[in-house]
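In: everything below, folded, please.
(chains A and B)
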Amino acid sequence: MKKFLATLLALTMALSLAACGEKKEEAPAETPNETPTEESSVSDVKIGLICVHDINSGYDAAHIEGLTAACEELGIDVDTQVVFKYNIPEDETCQDTAVDLAEQGCSIIFSDSYGHQMHMQAAAEEYPAVTFVACTGDLAATSGLSNYKNMFPYTYESRYVSGVVAGMKLKELMDAGTISDPYVGYVGAYPYAEVVCGYTAFLLGIQSIVPEAHMDVQYTNSWYDPPKEAETANALMARGCVIIGQHADSTGAPSAVQEALGKGTVAYSVGYNIDMLSVAPDAALTSAQNNWSVLYKHMLEKFLAGEELPTDFACGYADGAVMISALGGSCAEGTQEAVDAAWAGIKDGSLKVFDTSKFTCQPAADGSYQVDADGHVTSAFGLDTNGDWVNDAGEAIEDGAFVESVLRSAPYFALRIDGITELNNN
Amino acid sequence: MSSVNNSKEPLLRIAKRDGISRPKAYAIRLAAVLLSLVVSGIFIFSVTKLNPVEVYKAIFNGAFGTPKRSWVTIRDTIMLLCIGVGLAPAFKMKFWNIGAEGQVLIGGIITAGFMRAFGSTIPTPALLVLMAVVSILGGCLWGVIPATFKAIWNTNETLFTLMMNYVAIQLTSYCVALWENPKGSNTVGVINQATKAGWFPSVFGQAYGLNVILVLALTIGMYIYLKYSKQGYEITVVGDSENTARYAGISVKKVTIRTMAISGAICGLAGFIAVAGSSHTISTSTAGGRGFTAIIVAWLAQFNTFVMILISLLLVFLQKGAIQIASQFNLNDYASNIITGIILFFILGSEFFINYRVILRGGKEAEHK
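Out: Residues are numbered from 1 along each chain as shown, chains lettered A, B, ... in the order given. Model prediction:
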């Protein structure tokens, strides 16, 4: 009995320690509780950033680097004036953390994950003198709070252009007779608008080069799970996918593709957030990237000047907020020219990513969009935050294209277009 | 043989203590805490070259640095205490209830469900009572199922309660997906954020005042129940020896089921307090491993609910402190977990020295107290 007891205690200790381990956060030394003022000067502004993971996740790393770069440009000392909090889950811990940051004297607090937003809103209600910005969030506009904001870049633009890179590679492989079926796989995190918007833009980019390309999407139901992302990539390659795109925050998928390529499978990877060439030197073509420093800088500049921040702030390639990483050695010849042309088209407006003439949808069962006889979308909901099938944010189809990230900063394109199969959305 | 007398005694031997006076036991515990601080001090200095005193200051600061932090520390202590109080009768009966995590989650899901469904129709005081009752019933059910199987078919309650956790976790995930708000966030968000319907009211101007009052009342009640009631005595007897209990005419089945009903009910209520009184949302992290940590609380306190207050506070204090030092000194998160681990190791280890004594070679065989 004693032995059993000892084992039990050891077990519970291990479990509880593991539980403790889940809640890691970061907070530098205290400063007295100064009441934040509306106008802050560069030398005494204090900024908080709440990250859902830490620097090991490409998505969070991009935020951390973005805020750091923005602060350096503005002359804010990152070491003493910015408080980073890592591994904050999308639950009430976020509110506790936001409150703690406000208590420490932060006058503007950012959070980087979609699920943080309601907890940020709760903190914003409690601390009206502090500004809260949820990166990806769509509630600021309807919250009625003047100190609660949302921002997000036009990631779909870089997704499209990374699709162009993948399309060029597919075309090369098909022209050489290596493959006959332009079959694309996509490792998605969750079946949410942000992901749907991303993979649709990716496929449309591919189809701009190889019109008959089609895609399977498999969800991991996690933003960051390296083994699962690798497993999912392997499953997709086993189905015959030649290009593996991803909207998940780790290097799991590119590493798996690199390994498969080394064993003779024809497969190439298009990453997200970070340059994947270090983990997949042969398999990685490019990565769609966000340059968060542009957004942080814009918000902080306005904040320091004492101006009202935009409730929803989004910008794209034209402002330098999105890009793709350096092309890998495996990219097809002529890729750079195709990429330059796509960027130029996006910049001058002649290329619309979600041009309704370029994709078709099945008629909507729920009335959230309308299609014409050919399946081209003629009208669609901008946003339906609460899932009641009532349009919350205005018409999304304008001049023959779906306008993304304009009605709200967070992506809201959730149409399922023909040519994409979701393998496990149930 | 003559060599028998000269045969070497082992360098040290371990002998069971016959009993130990209370002050001496506490002196050993205190020594353990001090020793753990010294050892983690050495660890801190050798790894990070930081002044351990500064680090300990930061630990304190993380838990009690500001009034807000103090209240968060109190809130979390109270949650852990509540679950520990719930586990006490089960463990005292030697019924290994590893299922507190699940019982808390069930109470939490039910509370969240009622909060969503009736937030706009039932006034908050009535809704709070209703939610408390249904969450108690839910937790109770989650505890009674393994207890019944144990009582009737003698199933292994450790595995059964453990597996009930996974059922509860899956149910929670299902409800999170069902109640997702806003759509696409994979979270339920803050329930009734605008109306605050079904939320605990502030007591004495403190958002978590009611949590404290409820749980302290439970703590006192459970102390009396275990120590002075007939049912409490039955629990002790069943825990010490089922055969004795049978001989004394106690129905072991009845006591098992009844005690687990109480244990589950309090854990269910803990779920209610977690959702209505603190987070106002539900997720698989609502219980957050506290169901397991509370087992340590219950055991270390030897089912004395007042001692549980101290143990819960210590554990939460260490956790909050660990978070603070990880950041303040830019230590890796694991460094702070190691410090917490060292301190817990010494405290648990001290129980060994309370129950046994070490006799060095040549030491006196019969040490007197």
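
In: any idea which element the spatially most central residue of chain B lies in?
Out: Central residue of chain B (C-alpha atoms, centre = their mean): B:Ala294, 1.4 Å from the mean position. B:Ala294 belongs to helix B:290-300 when assigned by DSSP states H and E.

In: elements contacting that helix?
Out: Contacts defined by 3 or more C-beta pairs under 8 Å, 6 or more residues apart in numbering or on different chains; DSSP states H and E place helix B:290-300 against helix A:2-22, helix B:67-92, helix B:100-118, helix B:305-328, helix B:333-355. From N, CA and C alone the C-beta is placed, and that goes for glycine too.

In: buried residues in that helix?
Out: B:290-300 (16 or more other C-beta atoms under 10 Å in any protein chain shown).

In: show me which pair in those residues is furthest apart.
Out: Comparing every pair within the buried residues of helix B:290-300 by C-beta to C-beta identifies B:Gly291 and B:Leu300 as the most remote, at 15.9 Å.

In: returning to that earlier point: any idea how far the residue nearest to the centre of chain B is from B:Lys320?
Out: Distance of B:Ala294 to B:Lys320, given as C-beta to C-beta, to the nearest Å: 17 Å.

In: B:Gln231 against B:Tyr225, yeah?
Out: Yes - using C-beta atoms under 8 Å, B:Gln231 is in contact with B:Tyr225, at 6.8 Å.

In: gap between the helix holding B:Ala294 and the chain center?
Out: 3 Å (C-alpha atoms, centre = their mean, to the nearest Å).

In: equivalent analysis for stretch B:250-258, please.
Out: Distance of stretch B:250-258 from the chain centroid (C-alpha atoms, centre = their mean) equals 24 Å.

In: for it, buried residues please.
Out: So, applying 16+ other C-beta under 10 Å, buried residues of stretch B:250-258: B:250, B:252, B:255-258.

In: okay, now the unreliable bits of chain B?
Out: B:1-9, B:184, B:330-333, B:362-369 (pLDDT under 70).

In: among the buried residues of stretch B:250-258, which are in strands?
Out: Among the buried residues of stretch B:250-258, DSSP state E puts none in strands.

In: which two of those have the greatest separation?
Out: Spanning the widest gap among the buried residues of stretch B:250-258 are B:Ile250 and B:Ile257, at 12.9 Å by C-beta to C-beta.

In: right, is stretch A:199-219 up against chain B?
Out: No - using C-beta under 8 Å from any C-beta of the partner chain, stretch A:199-219 stays clear of chain B, coming no nearer than 11.3 Å.

In: from start to finish, how long is that stretch in a straight line?
Out: 12 Å (C-alpha to C-alpha, to the nearest Å).

In: can you report how many residues lie near A:Ala123?
Out: For A:Ala123, the neighbour count with other C-beta atoms under 10 Å in any protein chain shown is 26.

In: contacts only, for it.
Out: Applying C-beta atoms under 8 Å, 6 or more residues apart in numbering or on different chains to A:Ala123 gives the contacts A:95, A:98-99, A:102, A:109, A:130, A:132.

In: swap in 7 Å and give it another go.
Out: A:95, A:98-99, A:102, A:132 (C-beta atoms under 7 Å, 6 or more residues apart in numbering or on different chains).

In: as CSV, these with pLDDT would be great.
Out: Shown next, in CSV, are these (pLDDT from 0 to 100):
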residue, pLDDT
A:Gln95, 91
A:Ala98, 94
A:Val99, 93
A:Ala102, 93
A:Phe132, 96
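
In: closest one to B:Glu242 out of those, please.
Out: A:Gln95 (47.2 Å).

In: following the helix or strand hosting the closest one, which helix or strand comes up?
Out: A:Gln95 belongs to helix A:92-103 when assigned by DSSP H and E. For helix A:92-103, the following helix or strand on the C-terminal side (DSSP H and E) is strand A:108-111.
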